[in-house]
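J.: just the structure for this:
(one chain, ligands or ions: 2)
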Amino acid sequence: MQHRNIAFIGAGNMTRSIISGLVNNAYPAHLITASNPSIGKLSALQADFGINVTQDNKEAVDASDVVVLAVKPQLMEQVCEKLAQQQDLSGKLFVSIAAGITTPRLQQMLGGTLPVVRTMPNTPSALGKGMTGLFADTNIDEVDKQYAADLMGQVGEIAWVEKESMIDGVIAAAGSSPAYFYLFLEAMQTEAERQGFDHATARLMVQQAMLGAAEMVCQHPHLELSELRTQVTSKGGTTAKAIESFQEQGLQQVVANAMQAAVKRAEEMAKQF
Ligand SMILES: NC(=O)C1=CN([C@@H]2O[C@H](COP(=O)(O)OP(=O)(O)OC[C@H]3O[C@@H](n4cnc5c(N)ncnc54)[C@H](OP(=O)(O)O)[C@@H]3O)[C@@H](O)[C@H]2O)C=CC1
Ligand SMILES: O=C(O)[C@@H]1CCC=N1
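T.: Numbers count the residues shown, from 1 in each chain. Ligands and ions are numbered 1, 2, ... in the order given. Just a heads-up that it's a prediction; the model follows:
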């Protein structure tokens with residue numbers, strides 16, 4: 001991929017995940033700058049990955065061709081408007097990772113029709129196992145589109161969406177979803193402990209089962225998930241009883257409700273910010 005100078009505005013969890021994935025994939029650290037108001041996270045990023053850091057967003061943006069907007073949605077307006085007042089932003093590609101802020105809104109905050117690619121990554125990007133959805137409107141040229149795809153492709157799999165509203169679906173299925181799996185594992189760990197296992201053994205069992213199941217899913221892309229489930233489920237056996245219990249309690253609807261709640265919140269945020 002092309003290696004352009006890249007600035008991350010906001011050096012929180014997601015920036016750390018993406019930078020970690022990039023540097024581990026040989027993106028040159030000297031081309032990466034992160035800016036953040038407080039110094040602690042910057043010092044840690046510099047120590048861990050050898051990137052450039054600054055507490056001044058303008059300085060980071062001045063030094064970059066690509067600007068990754070990685071602050072919380074509620075701060076985006078303030079941050080973008082200040083950047084637009086302080087400097088000429090033309091010629092730069094903007095990549096937003098924020099939930100719930102649309103491309104037209106970002107362009108408005110940045111004070112012009114600048115090229116903005118909207119993305120929705122997730123934290124496993126830190127391990128190169130991320131999943132990122134991307135949306136580009138018609139004013140993004142193919143070179144910038146390719147750069148954005150290559151950038152996020154460095155930290156995992158990518159999928160373009162045709163309509164911007166589908167980014168909210170990416171949030172529900174991939175951006176937020178690592179937390180759903182953690183919640184499920186927490187519940188399993190708690191029950192394993194209740195059944196008499198110590199904390200560490202309970203964790204080992206559930207994490208290894210999850211890892212193995214995830215590997216099975218990835219290694220057998222042509223097997224339906226229901227088929228993998230059937231392989232575990234002996235007739236009249238233990239799994240059948242557990243699955244029956246999930247189904248009686250409406251697991252499918254519970255999951256659907258949760259994903260719809262995530263989409264609804266993204267839509268609310270788009271109105272709010
Ligand atoms: N976490 C996740 O799994 C995902 C998050 N996202 C999106 O990523 C974005 C960032 O989320 P996340 O990394 O979790 O949040 P964090 O709170 O971890 O990171 C945001 C960072 O922005 C910094 N910040 C605050 N004000 C400014 C400013 N004026 N200029 C520059 N930086 C500033 C904060 O600094 P300080 O703490 O010092 O105040 C903080 O380090 C959000 O928009 C979110 O929607 C998208 C996909 C997944
Ligand atoms: O919870 C959030 O709003 C962000 C977006 C996806 C994951 N974290």
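
J.: all strands for the stretch 151-273 of the chain, in order.
T.: For the stretch 151-273 of the chain, applying DSSP state E, counting those that start in this stretch gives strands covering 156-160.

J.: around ligand 1, which positions in it sit nearby?
T.: Counting by Cβ under 6 Å from any ligand atom, the stretch 151-273 of the chain comes close to ligand 1 at residue 175. For glycine as for every other residue, the C-beta is placed from the backbone atoms N, C-alpha and C.

J.: residue 152 against residue 133, yeah?
T.: No: using Cβ atoms under 8 Å, residue 152 makes no contact with residue 133, being 9.0 Å away.

J.: any low-confidence regions in the stretch 1-150 of the chain?
T.: Along the stretch 1-150 of the chain, no part satisfies pLDDT under 70.

J.: the helices in it, which residues?
T.: 13-24, 39-49, 57-62, 73-86, 103-109, 142-153 (DSSP state H, counting those that start in this stretch).

J.: next, the buried residues of the fifth one.
T.: Along helix 103-109, these residues count as buried under the neighbour rule (16 or more other Cβ atoms under 10 Å): 103, 105-107, 109.

J.: any idea how far it is from the chain center?
T.: Relative to its parent chain, helix 103-109 has a centroid offset of 20 Å by Cα atoms, centre = their mean, to the nearest Å.

J.: so residue 87 touches residue 62, yeah?
T.: Yes: between residue 87 and residue 62 there is a contact under Cβ under 8 Å: 6.5 Å.

J.: those two: which is more packed in?
T.: residue 62 (16 against 13; other Cβ atoms under 10 Å).

J.: can you name the residues that contact that one?
T.: Residues counted as contacts of residue 62 (Cβ atoms under 8 Å, 6 or more residues apart in numbering) are residue 87.

J.: over to the one 3 residues further on?
T.: Shown here is residue 65, whose contacts under the criterion Cβ under 8 Å, 6+ apart are 4-6, 91-93.

J.: switch to 6 Å and redo it
T.: Counting by Cβ atoms under 6 Å, 6 or more residues apart in numbering, residue 65 touches 4-5.

J.: between the buried residues of helix 103-109, which is nearest ligand 1?
T.: Minimum distance to ligand 1 across these is 11.2 Å, recorded for residue 106 (Cβ to the nearest ligand atom).

J.: near ligand 2, which residues of the chain are found?
T.: 99, 171, 175-176.

J.: select from those the one having the most neighbours.
T.: The member of the residues of the chain next to ligand 2 that has the most neighbours, counting by other Cβ under 10 Å, is residue 175 with 26 neighbours.

J.: for that residue, report the pLDDT, please.
T.: Listed pLDDT for residue 175 reads 98.

J.: name the nearest residue to it, ignoring sequence neighbours.
T.: The shortest distance from residue 175 to any non-neighbouring residue, by Cβ to Cβ, 6 or more residues apart in numbering, is to residue 120 (4.6 Å).

J.: equivalent analysis for residue 152, please.
T.: Once flanking residues are discounted, residue 152 sits nearest to residue 132: 4.0 Å by Cβ to Cβ, 6+ apart.

J.: so that neighbour touches residue 119, yeah?
T.: Yes: if you go by Cβ atoms under 6 Å, residue 132 and residue 119 touch, sitting 5.4 Å apart.

J.: what do those two both touch?
T.: By Cβ under 6 Å, 6+ apart, residue 132 and residue 119 have these common neighbours: residue 152.

J.: quick one on the thing from earlier: partner residues bridging the residue nearest to residue 175?
T.: Beta-bridge pairing of residue 120 under DSSP bridges involves residue 133.

J.: can I get the residues of the chain next to ligand 2 in CSV including distance to residue 267?
T.: As requested, the residues of the chain next to ligand 2 are exported to CSV (distance: Cβ to Cβ, whole Å):
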residue, distance to residue 267
99, 11
171, 10
175, 14
176, 14
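
J.: between the residues you listed, which is closest to residue 219?
T.: residue 175 (24.6 Å; Cβ to Cβ).

J.: was I right about that closest one contacting residue 122?
T.: Yes: contact criterion Cβ under 6 Å: residue 175 and residue 122 qualify, at 5.2 Å.
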